[in-house]
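Q: please work out how this folds:
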Amino acid sequence: MSDLIVKSAVKEQLEDQNVAADFYDALNENVADLLETAAQRAEDNDRKTVQARDL
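A: Numbering: from 1, shown residues only. A predicted model of the protein is given here:
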């Protein structure tokens, strides 16, 4: 699976926190699941365009 997140952006957003290495993998998996669900919702609604409401 490719990286869907930008680690430096995550670290910047969580600037006051330490970020464990495995956090990035878990976040990446969650994003992949979210995208898959959104794509399925669009398909179920006979659309090829994934929209914000699919999230």
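Q: contacts for stretch 35-46, please.
A: Contact with stretch 35-46 is made by 4, 48-51, 54-55, as judged by C-beta atoms under 8 Å, 6 or more residues apart in numbering. For the C-beta atoms, the positions are set from N, CA and C on the backbone; glycine is no exception.
Q: pick the one among these closest to residue 32.
A: Nearest to residue 32 among these: residue 4, at 6.0 Å, using C-beta to C-beta.
Q: show me the contacts for the residue nearest the centre of the chain.
A: Nearest residue to the geometric centre of the chain (C-alpha atoms, centre = their mean): residue 31, 2.1 Å. Residue 31 makes contact with 4-5 under the criterion C-beta under 8 Å, 6+ apart.
Q: remind me which helix or strand it belongs to.
A: Assigned by DSSP states H and E, residue 31 falls within helix 21-44.
Q: what distance separates that helix from the middle of the whole chain?
A: Relative to its chain's centre, helix 21-44 lies at 5 Å (C-alpha atoms, centre = their mean, to the nearest Å).
Q: pull out the buried residues from that helix.
A: Neighbour-count burial for helix 21-44, with 16 or more other C-beta atoms under 10 Å as criterion, is recorded at 24, 27-28, 38, 42.
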